[in-house]
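Visitor: Sequence and computational prediction follow.
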Amino acid sequence: MIQFSNAGKRYAGGREALVSVSLQIDKGEMAAVTGHSGAGKSTLLKLASGIDLATSGSVLVNGQNLGALRAAGLAALRRNIGLVFQDHKLLFDRSVFDNAALPLVIASHTREDTARRVRAALDKVGLLNREKSSPVTLSGGEQQRLCIARAIVNRPSILIADEPTGNLDAEYAATIMELLKSFNQVGVTVLLSTHDEQALERLPCTRIRLAGGRLANAAPAEI
Amino acid sequence: MIRAYLLAHVQAFQRAWRRMASQPASTMLSILVIGIAVTLPAGLYAFLGNIANLTRHINTDPHINIYLAVGASSEEARQIEVRLKAHPQVQAVNFISRDDALKEMKNTAHLADLLSSLDTNPLPHAFSVVPKTIDSGALEGLRKEFAAFPRVEYVLMDFEWAQKLARISRLAEHLIALITLLLSIAVIFITGNTIRLQILTQREEIEVSRLIGATYPFIRRPFLYFGVLQGCLSGMVSLLLLVVVLWWIDRQVQALTISYLLDFHIYLPTPQQSLWLLGGISLLGWLGAYFSTSFYFKHPEIA
């Protein structure tokens, strides 16, 4: 569960990216943050994943107040959140397999356990036959899917995806959305952001609209 | 829990080793630089230790040796001992009878053969006196006074050179300590810089790892192992250099010394000293890695 209570974020220099946002995303829910660029979507997702901390109000994730956590506590929490980045943040000096394995390496899994889980994750995103390739050889959509495989390999309870379809054409975007939906269907809480409301059309999810760093309105799930 | 912890360490060590093996040239260079830097103070220490070995049996406290005439009797010696002990400037008196002196000489020096060929004991009774003063003027007065005692043949105050030697070796010790300190700091910086370059090449990996939940200790661990490993290998290089250099010096010394006067050998570092050296450099490597990673964690943008 993710809960914002009057959470705000003011960056050094005084720019207010987020102003007094209150919202709640329940366990197992799927929610999409929409709005124009600069509306505060990325900031909201950063606060939810503990990459940035709120400068006012509070953010609770799974009952833990992120502002009160120490560095090690934040790291532990983040290991339980799958993060999908718009720019993928893949490491090009290693194979597809090793990229997907990174969260397991960090969590010190054994080699066998790692291999098993990585193959399962790659299989889920349809990249199992590319495990030995370099990420450079992957297309944009494939790179995004690899990023998703890395996010889910540790079986997190929350998946947070910042503009997962940002640079993809409609067809690729649809498969990414389908993937996210399938994780949500097995109980993972999903929070994503997009500037492209069309991509959400066939997605049953809560809409969180941001404008100028403020909540415009939060519409309930539409099926 | 403990298993996971151990596994984390094993994996960190493996990562450090792989990073090292992936850049053999720069790794070798760093190891050589640190190894040579450390050889200097280590070699000086070893040399000083050898000098100290040589001079250990020399008593550097001021004392006055009084030798009686060869013909002086034990009774005459006893009377002088009483006078010496009663003297207000004297702290301790040690009587060395001519028989004891002969025995000791036969045991210690290479003169046993020579001495046993003699029919009579050529050595006199002697006293070793520890004065209460170390003032050279007062000591000179004492020397004259003792020389005037009956049956005293010769009074010797030969501790001054020994004191000078002790002073010089103390100074040398301080200088070496200073060199050691400076070079230790240098080793920390050299390691720190190696680690800094490592961090730069792995910046992306570190940043992504941080984002997806790696703790600072997790990120730091392989670098610490790297520092320790590099230090340990440098220590081995340094030990190897040390053995070669000391062996070479020993050969030069053997060519110089008149072997029956001085049995002077350069000793190689003992296993214990070698372990201290390895441990010390490893610790310095660890510190360098620790400082470097700390700096990066605090200022990731300028590391």
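Guide: Alright, I've got the coordinates.
Visitor: Enumerate the residues of chain A near chain B.
Guide: For chain A, the residues in contact with chain B (CB under 8 Å from any CB of the partner chain) are A:51, A:71-72, A:75-81, A:83, A:85, A:89, A:91, A:93, A:102-103, A:105-108, A:110, A:150-151. The C-beta positions use only the backbone N, C-alpha and C, and glycine is treated the same way.
Visitor: Make a PyMOL selection of the buried ones in those.
Guide: Buried residues within the residues of chain A next to chain B, by 16 or more other CB atoms under 10 Å in any protein chain shown, are selected in PyMOL with:
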select buried, chain A and resi 51+75+76+77+78+79+81+83+85+89+91+102+103+105+106+107+108+150+151
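Visitor: in chain A, what spans have low per-residue confidence?
Guide: A:217-223 (pLDDT under 70).
Visitor: can you give me the strands for it?
Guide: Assigned strands in chain A, in chain order: A:2-10, A:16-25, A:30-34, A:56-61, A:64-65, A:81-84, A:158-162, A:189-194, A:206-211, A:214-219 (criterion: DSSP state E).
Visitor: Can you add distance to B:Ser128 and give the ones you listed back as TSV?
Guide: Shown next, in TSV, are those (distance: least, CB to CB, whole Å):
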stretch	distance to B:Ser128
strand A:2-10	84
strand A:16-25	88
strand A:30-34	94
strand A:56-61	83
strand A:64-65	79
strand A:81-84	82
strand A:158-162	86
strand A:189-194	91
strand A:206-211	96
strand A:214-219	97
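Visitor: closest to B:Ala92 out of the ones you listed?
Guide: Checking the strands of chain A against B:Ala92 by CB to CB gives strand A:64-65 as the closest, at 76.0 Å.
Visitor: any idea how far A:Gly35 is from chain B?
Guide: Going from A:Gly35 to chain B by CB to the nearest CB, to the nearest Å gives 23 Å.
Visitor: quick one: contacts for the residue nearest to that residue when sequence neighbours are not counted?
Guide: Leaving aside its chain neighbours, A:Gly35 sits nearest to A:Leu210 (3.8 Å; criterion: CB to CB, 6 or more residues apart in numbering or on different chains). By CB atoms under 8 Å, 6 or more residues apart in numbering or on different chains, A:Leu210 lies in contact with A:21, A:33-35, A:39-41, A:44, A:216.
Visitor: Bridged to A:Leu210, which residues?
Guide: Taking DSSP bridges as the rule, A:Leu210 bridges to A:Leu215.
Visitor: pLDDT below threshold where in chain B?
Guide: In chain B (pLDDT under 70), the answer is B:52-62, B:108-111, B:134, B:136, B:158-163, B:257-265, B:302-303.
Visitor: Residue of it closest to chain A, please.
Guide: Ranked by CB to the nearest CB, the top residue of chain B for proximity to chain A is B:Gly213, at 3.4 Å.
Visitor: tell me the contacts of that residue?
Guide: By CB under 8 Å, 6+ apart, B:Gly213 lies in contact with A:75-81, A:103, A:106-107.
Visitor: wait, which of those is closest to B:Lys106?
Guide: Nearest member of these to B:Lys106, counting by CB to CB, is A:Ile106, at 74.4 Å.
Visitor: How about A:Val61, nearest residue that isn't a chain neighbour?
Guide: Closest to A:Val61 by CB to CB, 6+ apart is A:Ile2, at 5.4 Å.
Visitor: now A:Ser37
Guide: Nearest to A:Ser37 is A:His195, by CB to CB, 6+ apart, at 5.9 Å.
Visitor: what about that neighbour, distance to A:Asp162?
Guide: Per CB to CB, to the nearest Å, A:His195 is found 11 Å from A:Asp162.
Visitor: so what's in contact with those two at the same time?
Guide: With CB under 8 Å, 6+ apart, A:His195 and A:Asp162 have common neighbours A:Lys41.
Visitor: More neighbours: these two, which one.
Guide: Neighbour totals were compared for A:His195 and A:Asp162, and A:Asp162 leads with 22 against 16 (other CB atoms under 10 Å in any protein chain shown).
Visitor: roughly how far apart are that one and chain B?
Guide: A:Asp162 sits 11 Å away from chain B, going by CB to the nearest CB.
Visitor: So that residue sits against A:Ser42, correct?
Guide: Yes: with contact defined as CB atoms under 8 Å, A:Asp162 counts as touching A:Ser42 (5.7 Å).
Visitor: so what sits against both of these two?
Guide: Common neighbours of A:Asp162 and A:Ser42 (CB under 8 Å, 6+ apart) are A:Ser193.
Visitor: check whether the helix or strand containing B:Leu181 contacts chain A.
Guide: Assigning secondary structure by DSSP states H and E places B:Leu181 in helix B:159-201. No: counting by CB under 8 Å from any CB, chain A has no neighbours in helix B:159-201; the shortest distance is 9.1 Å.
Visitor: elements contacting that helix?
Guide: Contacts defined by 3 or more CB pairs under 8 Å, 6 or more residues apart in numbering or on different chains; DSSP states H and E place helix B:159-201 against helix B:24-55, helix B:216-256, helix B:271-298.
Visitor: Let me have these in TSV, adding mean neighbour count and distance to chain A as columns.
Guide: Formatted as TSV, the helices and strands packed on helix B:159-201 follow (neighbours: other CB atoms under 10 Å in any protein chain shown; distance: least, CB to the nearest CB, whole Å):
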stretch	mean neighbour count	distance to chain A
helix B:24-55	17	17
helix B:216-256	19	6
helix B:271-298	19	9
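Visitor: Make JSON lines out of these and add distance to A:Ala12.
Guide: Output for these, formatted as JSON lines (distance: least, CB to CB, whole Å):
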{"stretch": "helix B:24-55", "distance to A:Ala12": "37"}
{"stretch": "helix B:216-256", "distance to A:Ala12": "22"}
{"stretch": "helix B:271-298", "distance to A:Ala12": "16"}
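Visitor: Show me which of the contacts of B:Gly213 is closest to B:Lys132.
Guide: The closest of these, once distances to B:Lys132 are taken by CB to CB, is A:Ala75, at 69.9 Å.
Visitor: quick one: the residue located most distally from the centre of chain B from B:Trp276, how far?
Guide: When distances are taken from the C-alpha mean of chain B, B:Ile212 lies farthest, 50.3 Å away, according to CA atoms, centre = their mean. According to CB to CB, B:Ile212 and B:Trp276 sit 42 Å apart.
Visitor: which one is A:Ser56 nearest to, not counting chain neighbours?
Guide: Residue nearest to A:Ser56 in three dimensions, not counting chain neighbours: A:Gly8, with 4.0 Å by CB to CB, 6+ apart.
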